[in-house]
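Chemist: With the input below, show me the fold.
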Amino acid sequence: MIAVLAGGVGAARFLEGLVRVVAESELTVIGNTGDDAILHGLHVSPDLDTVTYTLAGASNPATGWGLAGDSFRTMGAVDRYHVPTWFRLGDLDLATHLFRTVRLAEGAALSEVTAEIAAAWGLGFRLLPMTDDTVRTRLRLANGEEVDFQEYFVRLRHDVAVASIAYHGAEAATPAPGVLAALAEAEAILIAPSNPLLSIAPILAVPGIGAAVERRRERVVAVSPIVGGRALRGPADRLLAELGHESSAVGVARLLGGYAGCLVIDTTDANLNPDVVAAGVRAVVADTVMRTPEVAAALARVALGAVGGGSP
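Modeler: Residues are numbered from 1 along each chain as shown. The predicted model follows:
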């Protein structure tokens, strides 16, 4: 069995390749829920839904999130009432959030509802939220304002400087059922190319998860989301710099080195190999820019082949 720690779009693209390499029945994906929010009265789980829609072949190819062919007539109608609609939910996408919200109100756990949604979309792998408890990623901006992740990412378009990040509720949370067993039993644990501060850190912050990954360090391979000093999408490069980390594959190695024994870096960054090794992490060089599912599959093969490769 293969376990994967996953954020949103980058992780979903990596998983598109991974399911071409291993049977879906052998795969457990542990998704970030620090991005979850109550929006328009509905419980939205953006990273879980991005993984679901992408692996079901239903995501919007232009954005990597949401549903292909969706419309926004409902949000247009909500505008009439002069309430904030900076987070736009598509008309088809609303069905998922309505279902999730109703089931949670009925007393179902998020892990139960996530399994029901995954089954409804025909996914053959197990998708687990990191926790059934409420964990929210909060960012303190350089101007002193504190905002939720979605406010930062969507309302402010992540175009503001950040002073610090906190994962509210993580200290009191417990891993969702099945998470710790998956990490203990996995032949390999892969950390998808997701934002290390906004997507992976919230998962590791849940008590028990970080320690479980650390114990398996030599079977853990991470894929750097930073290529040539830049994030392929999103604010990971700027956040790393703003919070005092090096915005490079080396910075990622230093952040994740306590959890992953190996880091896959892009061919563009092959010259950084010695610095990654100096950070205590084995380095493997590959094409990490997943332009097509075929490239993603090749990357997945490299990551799996790097498991348990010895000391740096």
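Chemist: Is there a neighbour count for the residue lying closest to Arg88 once chain neighbours are set aside? I'd like the number.
Modeler: In this structure, Arg88 finds its nearest non-sequential neighbour in Met75, 4.8 Å apart by C-beta to C-beta, 6 or more residues apart in numbering. Just so you know, the C-beta spots here come from the backbone N, C-alpha and C atoms, and that holds for glycine as well. Per other C-beta atoms under 10 Å, the neighbour tally for Met75 reads 16.
Chemist: and what of the one 4 residues further on?
Modeler: Residue neighbour count, defined by other C-beta under 10 Å, stands at 13 for Asp79.
Chemist: close enough to count as contact, it and Trp86?
Modeler: No: Asp79 is not in contact with Trp86 according to C-beta atoms under 8 Å; the separation is 10.9 Å.
Chemist: pretty sure Ala286 contacts Leu299?
Modeler: Yes: using C-beta under 8 Å, Ala286 is in contact with Leu299, at 5.8 Å.
Chemist: any common contacting residues for those two?
Modeler: Val264 (C-beta atoms under 8 Å, 6 or more residues apart in numbering).
Chemist: Pick out whichever of those two has more residues nearby.
Modeler: Comparing Ala286 with Leu299 by neighbour count (other C-beta under 10 Å), the higher total belongs to Leu299, at 24 against 19.
Chemist: Okay, buried residues for the helix or strand where that one lies please.
Modeler: Leu299 belongs to helix 293-305 when assigned by DSSP states H and E. Residues 295-304 are the ones in helix 293-305 that count as buried (16 or more other C-beta atoms under 10 Å).
Chemist: any residues touching that helix, and which ones?
Modeler: 2, 13-14, 16-18, 20-22, 188, 190, 221, 223, 264, 284, 286-290.
Chemist: one more time with 7 Å
Modeler: 13-14, 16-18, 20-21, 188, 190, 221, 223, 264, 284, 286-288, 290 (C-beta atoms under 7 Å, 6 or more residues apart in numbering).
Chemist: Just the buried residues of the residues you listed.
Modeler: 13-14, 16-18, 21, 188, 190, 221, 223, 264, 284, 286-288, 290.
Chemist: from the residues you listed, which is closest to Leu39?
Modeler: Lowest distance from Leu39 to these (C-beta to C-beta) belongs to Arg13, with 24.3 Å.
Chemist: Contacts only, for that closest one.
Modeler: So Arg13 contacts 290, 296 (C-beta under 7 Å, 6+ apart).
Chemist: what's the helix or strand for it?
Modeler: Going by DSSP H and E, Arg13 is in helix 9-18.
Chemist: For the stretch 151-300 of the chain, which segments are assigned as strands?
Modeler: 162-168, 188-191, 220-223, 226-227, 230-231, 262-266, 282-286 (DSSP state E, counting those that start in this stretch).
Chemist: Can you lay out the ones you listed as JSON lines showing distance to Gln150?
Modeler: Below are those laid out as JSON lines (distance: least, C-beta to C-beta, whole Å):
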{"stretch": "strand 162-168", "distance to Gln150": "14"}
{"stretch": "strand 188-191", "distance to Gln150": "23"}
{"stretch": "strand 220-223", "distance to Gln150": "25"}
{"stretch": "strand 226-227", "distance to Gln150": "23"}
{"stretch": "strand 230-231", "distance to Gln150": "18"}
{"stretch": "strand 262-266", "distance to Gln150": "29"}
{"stretch": "strand 282-286", "distance to Gln150": "33"}
